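Asks: Make a model of this:
(2 chains)
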Number of protein chains: 2
Amino acid sequence: MYDGVIQDLIDELGQLPGIGPKSAQRIAFHLLDADPDDVKRFAAVMVEVKSKVHFCEVCGNVTVDVQCRICTDARRDDSIICVVEESKDIIAIERTREFRGRYHVLGGAISPIAGIGPDQLRIRELLGRLQDGTVTEVIIATDPNLEGEATATYLIRMLSTLGLKVSKLASGLPVGADLEYADELTLGRAFEGRTSIAG
Amino acid sequence: MYDGVIQDLIDELGQLPGIGPKSAQRIAFHLLDADPDDVKRFAAVMVEVKSKVHFCEVCGNVTVDVQCRICTDARRDDSIICVVEESKDIIAIERTREFRGRYHVLGGAISPIAGIGPDQLRIRELLGRLQDGTVTEVIIATDPNLEGEATATYLIRMLSTLGLKVSKLASGLPVGADLEYADELTLGRAFEGRTSIAG
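Replies: Model prediction:
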């Protein structure tokens, strides 16, 4: 529809996750209006990220160094590892300020449909980190969906033979939600995991 | 939160229109996973667009040539000009296949709050195109909002002195909408502009 390179840009933007044709057009025109130096800097950052970023050799988190900033932070607790699917999950957990241990990024979840089995995940690396006895507790923080639950079940079965403390994040009602609108699975989990208050 | 350049990329993405922090993070990780050549091509297109694209010297549409592909299309009707606010509006109208004339892009709409008056718009250029008598009809297709209506009113007043046929796009109920949920302004417009069927 648009002249050559304008349509190219809209097409490129439209391939990004969550960007439909209308958003792609809006962003393209935003870039057309923007300062050329700003656009150049943005383009440079995009290319730079690809060349500089790789996975932390210890935990699998994204980093620009050999090890990520959490693995190199001496103040964190070495005895506890929280296992997550993706680097993004680390950021979400860090935001809670509830956890001061280390992380391990699996790089996905078990999904027979997508052809992802335990061998495609960083499970061997996790076992390697549990060898020397420093780690005494593993918290499984996979997503509360089908693939995440399958992965959690697999990990729990494997880790329970190692004599470690293994736990899993609680399922239940989201804070601030209406009980009335909770789906039955969530509500069922909230009952299962109810906490005793008295008596 | 993230290591240097990853956070830079998320920040850059977060400045695009309609992209919140979560979307920015999702797109950043999509780019991290993408093929380096794809990202390089995307970055190159972004920079290329800035250097190649400018405004058509006739109508003000975005183009990579001196004149846009509509102005250079010999099959289009020279006697009728459709006046729009932005290049994006041309694409929307072209999609209807209802109009085969020429366009004129104002580059915005009159908005006292934003400090945009008639002099900031390409109105002088429009008058220039109406000098030689080729154009016999002008269709005003500004946005049906406050600024667009103000601009339409201004243009209609100005153009009505030139002895041209001047029209404005119809306001009314959107096709497929529920009358019940129409806002009162739209419903009011639909009454005003009702079309006589019989008698």
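Asks: Could you export stretch A:11-30 as CSV, CA atoms only?
Replies: What follows is stretch A:11-30, C-alpha atoms only, in CSV (Å, rounded to 0.1, in the frame of the first residue of the first chain):
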residue,chain,number,x,y,z
ASP,A,11,5.9,-5.2,7.7
GLU,A,12,8.9,-5.5,9.9
LEU,A,13,7.1,-3.9,12.9
GLY,A,14,4.0,-6.1,12.3
GLN,A,15,6.2,-9.2,12.9
LEU,A,16,6.9,-8.2,16.5
PRO,A,17,4.8,-10.0,19.1
GLY,A,18,1.6,-8.2,20.1
ILE,A,19,1.9,-5.6,17.2
GLY,A,20,-1.0,-5.7,14.8
PRO,A,21,-1.2,-3.9,11.4
LYS,A,22,-2.7,-0.8,13.0
SER,A,23,-0.1,-0.5,15.7
ALA,A,24,2.7,-1.2,13.1
GLN,A,25,1.4,1.7,11.0
ARG,A,26,1.2,4.0,14.0
ILE,A,27,4.7,3.1,15.2
ALA,A,28,6.1,3.5,11.6
PHE,A,29,4.6,7.1,11.4
HIS,A,30,6.0,7.8,14.9
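Asks: Going by neighbour count, which residues of that stretch are buried?
Replies: A:12, A:13, A:14, A:16, A:19, A:23, A:24, A:25, A:26, A:27, A:28, A:29 (16 or more other CB atoms under 10 Å in any protein chain shown). For glycine as for every other residue, the C-beta is placed from the backbone atoms N, C-alpha and C.
Asks: For the third one, which non-adjacent residue is spatially closest?
Replies: What that stands for is residue A:14. residue A:24 (3.9 Å; CB to CB, 6 or more residues apart in numbering or on different chains).
Asks: what's the answer for the second one, then?
Replies: The shortest distance from residue A:13 to any residue that is not its chain neighbour, by CB to CB, 6+ apart, is 3.9 Å, and that residue is residue A:24.
Asks: Tell me how far the one you found lies from residue A:16.
Replies: Using CB to CB, to the nearest Å, residue A:24 is found at 8 Å from residue A:16.
Asks: thinking again about what came up before, what's the farthest-apart pair in the buried residues of stretch A:11-30?
Replies: Taking every pair in the buried residues of stretch A:11-30 and measuring CB to CB, the maximum separation is 15.9 Å, between A:16 and A:29.
Asks: May I ask you to confirm that the residue nearest to residue A:13 is in contact with residue A:8?
Replies: No: Residue A:24 is beyond contact range of residue A:8, at 11.1 Å (criterion: CB atoms under 8 Å).
Asks: Can you pull the residues that touch both of those two?
Replies: When contacts are counted by CB atoms under 8 Å, 6 or more residues apart in numbering or on different chains, the set common to residue A:24 and residue A:8 is empty.
Asks: Wait, residue A:23 touches residue B:18, no?
Replies: Yes: Residue A:23 is in contact with residue B:18 according to CB under 8 Å; the separation is 5.3 Å.
Asks: what does the longest helix seen in chain A rub up against?
Replies: As assigned by DSSP state H, the longest helix anywhere in chain A is helix A:36-52. With CB under 8 Å, 6+ apart as the contact definition, helix A:36-52 has outside contacts at A:31, A:64, B:4-6, B:8-9, B:12, B:28, B:31-32, B:34, B:36, B:39-40, B:42-44, B:46-47, B:49-51.
Asks: What's the first helix or strand after that helix?
Replies: Sequence-wise, the next helix or strand downstream of helix A:36-52 (DSSP states H and E) is strand A:54-55.
Asks: what's the spacing between residue A:2 and residue A:133?
Replies: From residue A:2 to residue A:133 the distance is 62 Å (CB to CB).
Asks: ok, now which ones touch the closest residue in space to residue A:69 that isn't next to it in sequence?
Replies: In space, and not counting its chain neighbours, residue A:69 is closest to residue B:3: 6.2 Å by CB to CB, 6+ apart. Going by CB under 8 Å, 6+ apart, residue B:3 touches A:53, A:62, A:63, A:64, A:65, A:68, A:69.
Asks: one more time with 7 Å
Replies: A:62, A:63, A:64, A:68, A:69 (CB atoms under 7 Å, 6 or more residues apart in numbering or on different chains).
Asks: gap between the third one and chain B?
Replies: Translated: residue A:64. Taking CB to the nearest CB, to the nearest Å as the measure, residue A:64 falls 5 Å from chain B.
Asks: Next up, phi/psi of that residue, please.
Replies: phi -100, psi -10 (degrees, to the nearest 10).
Asks: show me the contacts for it.
Replies: A:52, A:53, B:3, B:4, B:5.
Asks: Narrow these to just the buried residues.
Replies: Applying 16+ other CB under 10 Å to the contacts of residue A:64 flags A:53, B:3, B:5 as buried.
Asks: Next, format the residues you listed as TSV and append distance to residue B:147 and pLDDT.
Replies: TSV is the format used below for those (distance: CB to CB, whole Å; pLDDT from 0 to 100):
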residue	distance to residue B:147	pLDDT
A:53	43	89
B:3	44	74
B:5	40	85
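Asks: Domain map for chain A?
Replies: A:4-52, A:66-168 (automatic domain parsing).
Asks: how far out from the middle of the chain is the shortest one?
Replies: Between the centre of domain A:4-52 and the centre of its host chain there is 25 Å, according to CA atoms, centre = their mean, to the nearest Å.
Asks: Any idea how many residues pack against the residue in chain A that chain B sits nearest to?
Replies: Proximity to chain B, evaluated over chain A using CB to the nearest CB, is greatest for residue A:43 at 3.8 Å. The number of residues packed near residue A:43 is 22, by other CB atoms under 10 Å in any protein chain shown.
Asks: Over to residue A:118?
Replies: There are 14 residues near residue A:118, going by other CB under 10 Å.
Asks: which stretches of chain A form helices?
Replies: Under DSSP H, chain A gives helices at A:4-14, A:21-33, A:36-52, A:87-96, A:123-129, A:146-159, A:184-192.
Asks: same question for the last one, mean pLDDT?
Replies: Okay, so that is helix A:184-192. The average pLDDT within helix A:184-192 is 78.
Asks: for it, which positions count as buried?
Replies: Buried residues in helix A:184-192 (16+ other CB under 10 Å): A:186, A:189, A:190.
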